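>>> here you go, sequence then predicted model.
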Amino acid sequence: MKRLIILLPLCICFSIFTACSKETKKEPVKRSLKSTPQQRFKKNLRENQSTEKTVVPLDLKNKGIGPITSLEFKSIDQNMVAKGATLFKQKCTACHHAKRRMIGPAIKGVYERRSPEWVMNIMLNPTEMLKKDPVAIALLKEYKNVMMINQNLTQEDARALAEYFRTL
């Protein structure tokens, strides 16, 4: 029994020593091939920015479908711009960027492509416009059928956003 008590620690030390002295090849760490949500988002964004584009008509006379039939811009109202900027950050930045395409079109220069009435009507009435308005339908196709969500904006909110868009 005494012999076993003495030999056991020696055997353990010898095992550890020989195990440490052998050169062992370690398997390389395998990295997961799964992408993160951010990587998938960026991939979808790149695909959405492909060079293959649908021809969206440039129609400044189209007023869209909705409650806004006439809108005339006057001097820029800075209070409305501030409210519009806040609303844009809260409700629009998930899909729109001010100066570049994302899930939806860039906002900068929107009034060079669309009438102010159309812009407000797409904000106030996106569901019906995406079904019936030819420009909205073409944009829907260009952006891979990603529909604009109705944000339930008031006319005052839409007008503040329209004012903010003028400053971009």
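In hand now; what should we look at? Note that the structure is predicted; figures quoted are calculated from it, not measured. Numbering: from 1, shown residues only.
>>> state the pLDDT value of the nearest residue to residue 109 once chain neighbours are set aside.
Counting by Cβ to Cβ, 6 or more residues apart in numbering, the nearest residue to residue 109 once its immediate chain neighbours are dropped is residue 168, at 7.6 Å. Heads up, the C-betas are built off the backbone N, CA and C, glycines and all. Note for residue 168: predicted pLDDT of 93.
>>> looks like residue 168 contacts residue 108 (just checking).
Yes - checked against Cβ atoms under 8 Å, the pair residue 168 and residue 108 is within contact range at 4.3 Å.
>>> between these two, which contacts overlap?
98-99 (Cβ atoms under 8 Å, 6 or more residues apart in numbering).
>>> return the helix or strand harbouring residue 80 as CSV; C-alpha atoms alone will do.
In the assignment (DSSP states H and E), residue 80 maps to helix 78-87. Extracted C-alpha coordinates of helix 78-87, given in CSV (Å, rounded to 0.1, in the frame of the first residue of the first chain):
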residue,chain,number,x,y,z
GLN,A,78,-36.6,76.0,-39.9
ASN,A,79,-39.0,74.9,-37.2
MET,A,80,-40.6,72.4,-39.7
VAL,A,81,-37.1,71.3,-40.8
ALA,A,82,-36.1,70.5,-37.3
LYS,A,83,-39.4,68.5,-36.7
GLY,A,84,-38.9,66.8,-40.1
ALA,A,85,-35.3,65.8,-39.2
THR,A,86,-36.4,64.3,-36.0
LEU,A,87,-39.2,62.4,-37.7
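>>> and the next element down the chain from it?
Next helix or strand after helix 78-87 toward the C-terminus (DSSP H and E): helix 116-124.
>>> tilt between that next one and helix 78-87?
40 degrees (axes from the mean of the first three to the mean of the last three Cα atoms, to 10 degrees).
>>> residue 104: what's it in contact with?
Residue 104 sits next to 95-96, 143, 146, 148 when contact means Cβ under 8 Å, 6+ apart.
>>> give me the buried entries from those.
Listed as buried from the contacts of residue 104 are 96, 143, 148; burial here means 16 or more other Cβ atoms under 10 Å.
>>> neighbours of the closest residue to the last one other than its chain neighbours, how many?
Take residue 148 and drop its neighbours on the chain: the residue closest to it by Cβ to Cβ, 6+ apart is residue 126, 4.2 Å away. Neighbouring residues of residue 126 were enumerated by other Cβ atoms under 10 Å; the total is 21.
>>> over to the one 5 residues further on?
Neighbourhood size, residue 131 [other Cβ under 10 Å]: 12.
>>> contacting residues for it?
Applying Cβ under 8 Å, 6+ apart to residue 131 gives the contacts residue 137.
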